[in-house]
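S.K.: Prediction below, plus the sequence it came from.
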Amino acid sequence: MSHDASFTNQKFKVIGTRVPRPDGIDKVTGRARYGADATAPGQLVGMILRSPHAHADIRKIDTSAAEALPGVKAVITSADLPDKVGGRRDMLDILENCMARGRALYDGHAVAAVAAIDAETAKRALKLIKVDYKPLAHVTDVDEAMRDDAPIVQPWVRTAGGDPNKPTNVAQISQFGHGDLDAGFAEADVIIERSYKTEQTHQGYIEPHACLASVGPDGQGELWVTTQGHYTFRTQCAALLGMEVAKLKVTSSEIGGGFGGKTHVWMEPVALALSRKANRPVKLVLTREETFRGTGPTCSTSIDIKIGARRDGRITAALATLRYQDGAFPGIWGMLGAMTAWACYDLPNVKSVAYDVLVNRPKVAAYRAPSAPMAAFAVESTVDLVARELGMDPVDFRLLNAAKEGTRASYGPTYGPIGIGPTLEAVKNHPQMKVKLGPNQGRGMACGFWFNFGGQTCSTVNIGVDGTVNVSVGTVDVGGSRASLSLIAAEELGVPYESVKCTVADTATLGHNDTTEGSRGTFSSGMAIIFACRNAVQELRARAAKMMDVPVEDVHWENGQAVALGTQHSNLQPLTLAQIARKSPQTGGPIAGHNEVVADGAGVSFASHICDVEVDPETGQTRVLRYAVIQDAGKAIHPDYVEGQFQGAAAQGIGWALNEEYIYGKDGRLQNPGFLDYRIPVCSDLPFIDTQILEIPNPGHPYGIRGVGETSIVPPLAAIGNAVSNAVGVRMTHVPMSPPRILGAIKAAR
Amino acid sequence: MAGVHVSTTINGDPVEFVCQPGEVLLDVLRNRIGLTGAKEGCGTGDCGACSVTVDGRLVCACLVLGAEVEGRSVTTVEGLASGGELHPLQRKFIEHAALQCGICTPGFLVAAKALLDRNASPSEEEIRYALAGNLCRCTGYDKIVRAVQAAASELATDATRKSGKASGSKSGRKSTKKQVA
Amino acid sequence: MKYEAPTSTKDAVALLAKNKGSAYVLAGGSDLLVRLKGGFIEPDLIVDIKRIGAMQEIKKTASGFRIGAAVPCVAMGESQALNKAWPGVVEAAKLIGSDQVQGRCTVTGNLCNASPAADSVPALVTARAKAVVVGPKGRRTVAVEKIPAGPGRTTLTKGELIEAITLPAPKPKTGDAYLRFTPRTEMDIAVCSAAVSVTLGKGGVVEEARVALGAVAPTVVLVPAAAKAIIGTKLDAAALDALAAACRAACSPIDDKRGTVEFRTDVAGVLAKRAAKVAYQRAGGK
């Protein structure tokens, strides 16, 4: 049954309340089961051998000594993972990232794996594998990788539309924009041009990748895994291993953070291949070091920005040139940077050009609003400079140029109702803007945009005979979505929140669900649940009609009960959901609702942040004094977890802005693959993070929901950059703004 | 490699196990005892997800050998609730939405309890520094700090009420004060 | 690998002396177990000293303090007498790692790990701490600065271990302080650090001083020229500038993931000035 997804502005009963999450007790008592918490009878321990070279030919791998070690049950190399995808490049890239195929492409690239009876034996076996490497020249910097004489990371890569005979590291060039740039700059009274760099960061989820794989000789398998998308994992693993999709059951464990890093497979195909070879379950848990060296960081970038504006404050032209490194495999990260760069503004003449560049670093994965924070850092820093040059208040300058309903976005579409203007107005009125700053303190603000995503979704609602409700969803609960989705079911059916139980179903239970990315969990599963509940209500009405012995057309659903309308039925008592459910065995059997949908209409979202910092002028150390997040949520289903997303995203952005970075040595090896030297913010680094939820309904969702998870990681780099620059009187152009960089900038300016 | 036989107390129960000499307590708890509440986020003492107490001292279970706990008393997150009743910290973490993914939660709870055991009414700054050894990547720590503050104030109220009941309100105030100091 | 937990220093020394392969002493384990986990060491023997009674306590002695080798840093913070006498030493010890690490780590371990960035060592050096070394040939007492030989290397010989660290009773009007630079507020290794101890004479004039720097050379460095720069002064601006200059001149750091030569050198001077001011105040100077 098809349903209308339009926003209807209904009055809510339970939506917007702060109920306790259903998985709370499991998670505070230690009984919630994450990726590494499962066991299977006879399980083996899997471990991976990784390349110590940034780039090397693998001439030979001798596994005989490892295989001969007592207790070793399987050793695999890329020979055990042959091409089962018919040479499909995107899938082969995933496979090659899981296990090097003749060439190690980055420090930490997997080259072989073992399964043994215990960790000690597996460790010893890894040491017995002899790999004959021939080191090759490597490149880890994005600008260096674009030079003509740079070492080539993937010999098969050609720039689309470029020289078909010339190997290159530029995998893709993307361009967006409209208008006449030359005319726009000619019209400008002020033109500012700046170049920026941002270093590579990791999502930094506290739970390393972990899975438990079991494959039998009959080609049936099971995978328990910490993932943002078990359906996608199933599709990819089955394809890479030549298995049938229906015969691989993937169950998503509780997930200990993902932020994009758990959206596609890393070592899961390896675990499955080990299990298949050993014919025993294999548990494979990455160490923290492996997680840093071998799994998805986001890009480092190099960006040039040029903005022209008239004296009256209108931007006349804007140009961004963005160079994003994708690691050793082509991605779309530069393209996303180009699409998001100017999305906050209403610009007559705008262009962004992006280069996706290969380097000898780990394959880049999505990281919360992937690619947008770096572009926003460059754009929002330059916007501040233009405002200053014009003598305008930076908030007023942004308000004057902000996108609004009807604005043609730089990346193509025309906006519906959007929240950038209201978030900026809220900044102007925010009490933090009136707090007087002391010496060495600075205030900055910045805006951010994220698209949000909908995608394929499938949910089922089952009504129990006692009137309680099971909701099965296929999106993973990364931050409390089971609470929000239960609220939605309770709202639709008119039952108490407490009588709804929401479960993340395994891949054998529901149809395909896209990965939980693009802030789609509550938006898309919420939509599918609304529709599934409405289907269930149709059935509930039919059963009630049967029980009341009236035509179904006369039965309406109000406040969780079936009411027979019309004077001829005035003697009939309404029937509650529980009463109808209790009789269901006699009235036609179980009552359920189901929905499959491609949830289009994800509403774009905007955020504006305010940040106050104090910088120690003698050491370059920055302390965040106050921080405020203002973001449009469309409709906050569970305000606690909306605020939590705002705060968490801001904290990640603050870490990125100030201290987090991948540090590579001249040898191309990662020097800080641990939480000691990869410095994510600790509790004492941060203040309370103030939040303000704006609700500008998304016309494409019945409840007006917009995704909320990602947008607020976009502004912090620039907000802090602007605040630090204001505190020290020098424009900061390199993220992270670590103490040596700030102190260096202060000294250079003296 | 000969195993080491260890007799110890875990969450109040007598436990015996045999472990390898180099095996850390975290692996013993998770793989031998079946207590998977303590998590391995780093294995190097940098994230606090494996926080437990040994003889009342807060430690990272990844930085203690299993062999070292002979005759000691170990408390893990599984030992915080008493029967069906959650510890106030556990309740406040749920009420204040102080967890998102929840992987760091066991470590935070054990560390926060260790803090409140020695300082019943910590300031915001004291809470932040005491929990600096526990990394959380989801929450920005905001709601965690608020949950600890709420638990501390509830515990203080309970203590006042209890001591008030036991020995009159005057001495009750006194004993609360003593606990605070 | 064998794990032993002897109950006397004598037994510990005997175990270490007769062991043929590689042997390591386990105090807090916050460095040792990280190296074990990372596969950087493969010990044949681990000797846990936490069952040795004499190594468990902080004792006030006739000449000052004796801190057993197995005393966790958190216990140093709990000792009021130690806090009063050597606040700089305690604040340095309390900066090592998190509360979790504090519950385990020891200043003796911090010293024997021989990292140039060890937090407690500069403060121990300025406080004139000594290490009580016990080995097959008996006991010897050496100044703590003589223990580290370079990054990860000590001057201890086979079979030797440190039983305790001793601190003198501070002279009247003595104050000490330790400051380190880390990018985060907690959970970091010092990029550079400075400890200063001063004893004041009449009129608040610095009579004695010791200045030590961490993470700016292969070992913690004592900087007599920096001490000289403030002796005879009341820490006026010129004296502090001279102190900073002397500190910077004593730096020979490296560029690494934690800091650059330039940054370390520069900030070492800043920290020395700030630490000197705190120490001066603690000594009663105004």
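M.R.: Now that the structure is in, tell me what you want to look at. As the structure is a computational prediction, the values presented were derived from the model and not from experiment.

S.K.: use CA for all of it now, contacts and neighbours both
M.R.: Will do.

S.K.: Now do the strands in chain B.
M.R.: Secondary structure of chain B (DSSP state E): strands at B:4-10, B:13-19, B:51-54, B:57-60, B:73-75.

S.K.: State the mean pLDDT of the last one.
M.R.: Okay, so that is strand B:73-75. Per-region confidence: strand B:73-75 scores 98 on mean pLDDT.

S.K.: For residue B:144, grab the count of nearby residues.
M.R.: Look at residue B:144: counted by other Cα atoms under 10 Å in any protein chain shown, it has 28 neighbours.

S.K.: again with residue A:698
M.R.: Neighbour tally, residue A:698, other Cα under 10 Å: 26.

S.K.: now the nearest residue to it once chain neighbours are set aside, what's its secondary structure?
M.R.: Nearest non-adjacent residue to residue A:698, counting by Cα to Cα, 6 or more residues apart in numbering or on different chains: residue A:704, 4.2 Å away. Judged by DSSP: H, G, I helix; E, B strand; the rest coil, the three-state class of residue A:704 is coil.

S.K.: OK, contacts around residue A:704?
M.R.: A:7, A:8, A:9, A:634, A:635, A:696, A:697, A:698 (Cα atoms under 8 Å, 6 or more residues apart in numbering or on different chains).

S.K.: of those residues, buried ones?
M.R.: A:634, A:635, A:696, A:697, A:698 (16 or more other Cα atoms under 10 Å in any protein chain shown).

S.K.: if we can go back for a sec, can you tell me which of the strands of chain B is nearest to residue C:87?
M.R.: strand B:57-60 (22.5 Å; Cα to Cα).

S.K.: So is the closest one next to chain C?
M.R.: Yes. Applying Cα under 8 Å from any Cα of the partner chain, one finds strand B:57-60 touching chain C at B:57, B:58, B:59, B:60.

S.K.: quick one: residue A:652 is in a helix?
M.R.: Yes. Under three-state DSSP, residue A:652 sits within a helix.

S.K.: What residues of stretch A:143-154 count as buried?
M.R.: In stretch A:143-154, counting by 16+ other Cα under 10 Å, buried: A:143, A:145, A:146, A:150, A:151, A:152, A:153, A:154.

S.K.: any idea which of those residues is closest to residue C:82?
M.R.: residue A:143 (54.9 Å).

S.K.: Distance of that closest one relative to chain B?
M.R.: 30 Å (Cα to the nearest Cα, to the nearest Å).

S.K.: ok, now residue C:28?
M.R.: 8 Å.

S.K.: Does that residue touch residue C:109 like I think?
M.R.: Yes. Here residue C:28 reaches residue C:109: they are 7.0 Å apart, a contact under Cα atoms under 8 Å.

S.K.: more crowded one of those two?
M.R.: residue C:28 (28 against 25).

S.K.: can I assume that one sits in a helix?
M.R.: No. Under three-state DSSP, residue C:28 falls outside any helix and is assigned coil.

S.K.: List the contacts of it.
M.R.: Neighbours of residue C:28 in contact, by Cα under 8 Å, 6+ apart: C:70, C:72, C:104, C:105, C:106, C:109.

S.K.: Kindly recompute the last result at 6 Å.
M.R.: Shown in contact with residue C:28 (Cα atoms under 6 Å, 6 or more residues apart in numbering or on different chains): C:104, C:105, C:106.

S.K.: now residue B:100
M.R.: Counted by Cα under 6 Å, 6+ apart, residue B:100 has contacts A:479, A:480.

S.K.: and if you look at residue C:13?
M.R.: Here residue C:13 is in contact with C:135, C:159 (Cα under 6 Å, 6+ apart).

S.K.: Which pLDDT value does the model give it?
M.R.: Value for residue C:13, per-residue pLDDT: 96.

S.K.: so it is in which element?
M.R.: helix C:9-18 (DSSP states H and E).

S.K.: Tell me the buried residues in that helix?
M.R.: C:9, C:11, C:12, C:13, C:14, C:15, C:16, C:17.

S.K.: just stretch A:740-747 next, same as before
M.R.: Applying 16+ other Cα under 10 Å to stretch A:740-747 flags A:740, A:741, A:742, A:743, A:745, A:746 as buried.

S.K.: how close does residue B:14 get to residue B:73?
M.R.: Counting by Cα to Cα, to the nearest Å, the gap from residue B:14 to residue B:73 is 9 Å.

S.K.: wait, residue C:146
M.R.: From residue C:146 to residue B:73 the distance is 38 Å (Cα to Cα).

S.K.: of these two, who's got more company?
M.R.: Neighbours were counted for residue C:146 and for residue B:73 using other Cα under 10 Å; residue B:73 has more, 19 against 14.

S.K.: which residues pair with that one across the strands?
M.R.: Beta-bridge pairing for residue B:73 (DSSP bridges): residue B:9.

S.K.: Might one say that it is in contact with residue B:55?
M.R.: Yes. Assessed by Cα atoms under 6 Å, residue B:73 is found in contact with residue B:55 at 5.0 Å.
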